[in-house]
Structure formats: structure tokens, C-alpha cells
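Participant: turn this into a structure:
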Amino acid sequence: MTDATLAPILAEVLLPTQELRNDLPFYTKVLGMRLENIFPADNPSVATLSGHGLRVRIEKGAAAPPGRLRILTDTPADFAEGQSRLTAPNGTVIEVVPLSPRVEQPETVHEFGVRRLRDSAPWVIGRAGMHYRDLIPSRLGGSIIASHIRIPDGGPVPDMVHYHTVGFQLIYCYRGWVDVLYEDQGGMMRLHAGDCVIQPPEIRHRVCHASPNIEVVEIGVPAEHITTIDHVATLPNGHGDPAREWQGQRFVHHVKEGALWQPFRIPGFTCRDTGIASGTKGVANIQVARFEGDTPPATMHDTDIHFTFVLEGSMVLRAKGEADREVSAGDAFVIPPGLATQYAQCSPDLELLEASLPAGFTTTVTTL
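Facilitator: Sure thing, here's the model as predicted:
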């Protein structure tokens, strides 16, 4: 190994100035940066400063735009006398923003919407090479995102240990299987078709390996949330603490095999309760319902967000004031509160994945 390979490598942001002496007090005293070097001595025109994880070079007459700097802090009142936006003498704009990402839940914009697989909704390539299909294009005003995700080739997944700043997140294994590691949950966990997990806010995890043609349904609330790569944490991290809570939510792993079936909220169906309502303390509920042969009545609900993915079979979705919609495996729909709907002409193999937020709500039998 040569000395050259050990030499440090730095990066800096170039900012222009008309008069360096006007900028130095601002960057050092107001922003709290440290002067690293300055030249020439008799009439300084270039200075390099560092601070808050950033290195800047301020150069008189530099052919560069003034730029914009963002100061990230969870104590904004203690920085720059509480100012959230400042402008330096050289024209650089400084924004003071939160260091820790925050979950801000938008107000739900309700709609009756149906997304059908056969309508050729586009698949896009997302994180770690996974293919995504949007199941709620409107995202109900940003309150929820639901994605149908597939990895056509299977095999090792080029994922890294990461976490999501999110209010609620579900992973339902729809086809195939996938191996995942979760913080404080022991070793490798395999999700088979029909199994699901909730990923509590900021739990570290990593997708490791998947079967060919793996497909999952992922639900996240709110629709826009930040994914952060954790370059320090390693998984697995031992047995850990399986009962740990993250922001009031427990990790829940629901296994299809051996699950208990019980009456569903809509007559004519039974369901398996995933335990997610309990694990999230009422934030959300996830149930898998299957048709049992009786004609279901029309019903309406009063929960804020109601999303359904058709796992198997087919039916006609009827809604008051709307045209009938035939839906089948791979299709999804959202129903707003107070809208009378009916699951009609159900095929014998009909199976539905239902998500509701919050978990506790009332279903009322009605007429169309």
C-alpha cells in the first residue's frame, strides 16, 4: 500500500462572493463554521470553512451561483437565533430544517377507485431493482400508498440495512417466498405466500433472497415517507427483543399455515385475523377474507382508509351511484366511508386482503 492510497480525500462546495470580508463574520459567527484557510494574506479573496458536516470554499469572483445550504437540526431555536431562513452577504440562502425525518399524515381525500391488473398499469423499476405497480394512483391525497411489487428473476436481492420513517407499513407475501432479516427478531425469516409482517416505524431490516417470480403487496402510510440506509447496523443482531416496541408498535409476523378463521365483518365471508390491530394498538388492521357461499348484503363502513386487494377469484363490485366493476386476482380498490357497496357474483375461490386505518370501525348492513 502506497502513501498515496492513504491520503485523505475531501469534497467542498464552491460559493462566489463579491467581498470576502463581508461573508466571514456571517459564516463563522452566525452559522458557527470554522475557518480552515484563507489567502492571500495581504488581500484575502478565498477562504475555506467547515462545519455541520460541510466544507465550503468562498471565492471572490467565482463563476458559480450563490447556492443554497440546508442546516439540519432538531433544535432550531438554538441555531441562528431561531431563524429558519437566512441570506448570506454573498447571496447564499440558508434554510434551517429538521434533522430527524417526521411523519406528517395528510388529510385523506376520499374516493371510490378501482385499479385493475388487466388494464396494463405500468410497472416501474424502484429501489433494489424491484418492479412496482401503483395500486392507488391518487394515493387518497397522499395519505396512503399501496404497491404490487415483483422480482421476476428471484435470487439474492441487492438490498442494504435500512429503515422507513413511516406511520404504518405492511408487507404481504402474495406469490412465492422471500427471506428477510429484522432488527431484534432473531435470524433469517422466510415469508411464504399468504404470510405477512408489519414493519414498525424505523425498524431496521434487509431483504436478502427471493424465489423466482416473487410478488408482494406493500402498504405504507403516509404515501411519501423517507427510506434511510443504516451504514452502521448489521443484521442479524442476535435474538434481540422480539417484544420491543417502535413508536408504540410491535413487529407482527402472521403465518397463514395454522391460522384461525372466524366470521368476517361482511356476512358470507370468513377471515383470518393477522393480529396487526393489536400489534399497532389500533393504528391499522389487516384481514384476509374468503367467500363462504352465501350472498353478501350491501354494507358501508365508517373508517378513514379502506383498501382491498383481490388475492384470488373474482367478483362484481357494486357501489351506489357507480357502474358495476368486475374485479379479479391482482386488482385493487378503495371505498370511502359512508358509500354503500356490495360484493356480488363472488366466485367460490374469492379471497381478499383488506386494510383499514384505523382498525376500529363499524360496518352497517344497508341497501344499494
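Participant: remind me, longest helix of the protein?
Facilitator: In the chain, taking DSSP state H as the definition, the longest helix is helix 20-25.
Participant: for stretch 250-263, C-alpha coordinates in PDB please.
Facilitator: C-alpha atoms of stretch 250-263 as PDB (Å, rounded to 0.1, in the frame of the first residue of the first chain):
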ATOM      1  CA  ARG A 250     -44.700  -4.300  17.800                       C
ATOM      2  CA  PHE A 251     -43.300  -6.300  15.000                       C
ATOM      3  CA  VAL A 252     -46.000  -8.800  13.900                       C
ATOM      4  CA  HIS A 253     -45.300 -11.900  11.800                       C
ATOM      5  CA  HIS A 254     -48.600 -13.500  10.700                       C
ATOM      6  CA  VAL A 255     -48.300 -17.000   9.300                       C
ATOM      7  CA  LYS A 256     -51.000 -18.400   7.000                       C
ATOM      8  CA  GLU A 257     -50.400 -22.000   7.900                       C
ATOM      9  CA  GLY A 258     -52.500 -22.900  11.000                       C
ATOM     10  CA  ALA A 259     -54.200 -19.500  11.200                       C
ATOM     11  CA  LEU A 260     -57.700 -19.500  12.800                       C
ATOM     12  CA  TRP A 261     -60.600 -18.500  10.700                       C
ATOM     13  CA  GLN A 262     -63.600 -16.500  12.100                       C
ATOM     14  CA  PRO A 263     -66.600 -14.600  10.900                       C
END
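Participant: other residues contacting it?
Facilitator: Here stretch 250-263 makes contact (CB atoms under 8 Å, 6 or more residues apart in numbering) with 182, 184-185, 189, 191-200, 203, 242-244, 269-276, 279-280, 286, 288, 290. Heads up, the C-betas are built off the backbone N, CA and C, glycines and all.
Participant: poorly predicted segments of the chain, please.
Facilitator: 1-5, 120-121, 127-129 (pLDDT under 70).
Participant: show me where it has its helices.
Facilitator: 3-6, 20-25, 276-279.
Participant: can you tell which of these is closest to residue 149?
Facilitator: helix 276-279 (18.9 Å; CB to CB).
Participant: and for the closest one, what's in contact with it?
Facilitator: 170, 196, 198, 249-252, 254, 284-286, 359-360.
Participant: now the helices of the chain in JSON lines, with mean neighbour count and distance to residue 210?
Facilitator: Formatted as JSON lines, the helices of the chain follow (neighbours: other CB atoms under 10 Å; distance: least, CB to CB, whole Å):
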{"stretch": "helix 3-6", "mean neighbour count": "6", "distance to residue 210": "37"}
{"stretch": "helix 20-25", "mean neighbour count": "16", "distance to residue 210": "53"}
{"stretch": "helix 276-279", "mean neighbour count": "20", "distance to residue 210": "23"}
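Participant: would CSV of these with distance to residue 45 be doable?
Facilitator: Formatted as CSV, these follow (distance: least, CB to CB, whole Å):
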stretch, distance to residue 45
helix 3-6, 30
helix 20-25, 6
helix 276-279, 61
